[in-house]
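Asker: predicted model and sequence follow; I will ask about them next.
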Amino acid sequence: IDNAKASSCEKKFLRQRLVESVAEQIAGGHHETSILTLCQELMHEVAAIAGKHVGVSRLRGLLRAHGFDTLSRRISDLARGRRMAAHPDVAIVLDVAQALKGLPCGAVLGEPTVELDSSDAMESDGEICFC
């Protein structure tokens, strides 16, 4: 992990996931199949049937061409989830916090149902004011 070309936040996330995974295995815990494993199993099965590697785009195109539109969308969702799991946007929390802190007081408006966990936010009648 240390030698990976990734940000320090991504490396921290990867280390945490590794520790959690190993701890769960040591404890004998049973967990659901991860999206990464599921995607890998799908592509392995497709390759075994096709006799060669088939990319997600080609697989989806083949399925759509034969009327399996819903199945094609499910594969697309799986691939998107795999990308998100493999490459999480670990900087989003800091980026949003910095963006909100840069706004002038009272500049943020939201729906009445918006909930924030911040002592700097006040909510009334649907308006969220950062001061």
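Answerer: That came through fine. Fair warning: this is a prediction, and the values are worked out from it, not measured in the lab.
Asker: helix, strand or coil for the residue nearest to Leu62 when sequence neighbours are not counted?
Answerer: Take Leu62 and drop its neighbours on the chain: the residue closest to it by C-beta to C-beta, 6 or more residues apart in numbering is Val54, 7.8 Å away. For every residue, glycine as well, the C-beta is placed using N, CA and C. With DSSP: H, G, I helix; E, B strand; the rest coil as the basis, Val54 sits in coil.
Asker: wait, Val54 touches Val46, no?
Answerer: Yes - using C-beta atoms under 8 Å, Val54 is in contact with Val46, at 5.2 Å.
Asker: can you map out the strands along this structure?
Answerer: 121-124, 127-130 (DSSP state E).
Asker: among the ones you listed, which gets the worst mean confidence?
Answerer: Of all the strands of the chain, the segment with the smallest mean pLDDT is strand 121-124, scoring a mean of 46.
Asker: confidence score at Leu116?
Answerer: For Leu116, the model assigns a pLDDT of 48.
Asker: hang on, I meant Asp77
Answerer: 93.
Asker: count of residues packed around it?
Answerer: Asp77 has 11 neighbouring residues, counting by other C-beta atoms under 10 Å.
Asker: that one and Ser8: what is the separation?
Answerer: Counting by C-beta to C-beta, to the nearest Å, the gap from Asp77 to Ser8 is 30 Å.
Asker: how about Phe68?
Answerer: 43 Å.
Asker: surely Arg64 touches Ser72?
Answerer: Yes - with contact defined as C-beta under 8 Å, Arg64 and Ser72 form a contacting pair (4.7 Å).
Asker: more neighbours: which of these two?
Answerer: Taking other C-beta under 10 Å, Arg64 and Ser72 do not tie; Ser72 has more neighbours (19 against 14).
Asker: wait, what's in contact with the more buried one?
Answerer: Contact analysis of Ser72 by C-beta atoms under 8 Å, 6 or more residues apart in numbering lists 60-61, 63-64.
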